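> Could you look at this predicted model? Sequence included:
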Amino acid sequence: MRIVNIITYILVIVGALNWGLFGFFNFNLVSSIFSGARTVGSVIVYTLIALSALWLILSPFITNGVLWLKNRRAE
């Protein structure tokens, strides 16, 4: 679960940076990497970013409000 949370944070940050670049400079980073906004690679990245955002919204409800980013120590 910890690895999933870290990966989703990274993907959501990539999505936010892409939106920031698009808003400030009219430059779509994902689209430029994959040579188009509707190419297979772009659609996969956009889908993964959207699923990551949904995971970050839903995971606190699943885990009773705890979002683990590090290993739990044995008590």
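Thanks, I have it.

> avg pLDDT for stretch 33-52?
On average, the pLDDT along stretch 33-52 is 92.

> Just give me the neighbour total for Leu11.
19 (other C-beta atoms under 10 Å). Bear in mind the C-beta positions are built from the backbone N, C-alpha and C, glycine included.

> I'd say it and Ser52 touch.
Yes. Look at Leu11 against Ser52 with C-beta atoms under 8 Å: they come within range, at 4.0 Å.

> following the host helix or strand of Asn5, which helix or strand shows up next?
Take DSSP states H and E as the rule and Asn5 turns out to sit in helix 2-25. Per DSSP H and E, the first helix or strand lying C-terminal to helix 2-25 is helix 29-33.

> and that next one, which residues are buried?
Neighbour-count burial for helix 29-33 flags 29-31 (criterion: 16 or more other C-beta atoms under 10 Å).

> Just put those in TSV and tack on distance to Gly41.
Shown next, in TSV, are the buried residues of helix 29-33 (distance: C-beta to C-beta, whole Å):
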residue	distance to Gly41
Leu29	12
Val30	8
Ser31	10
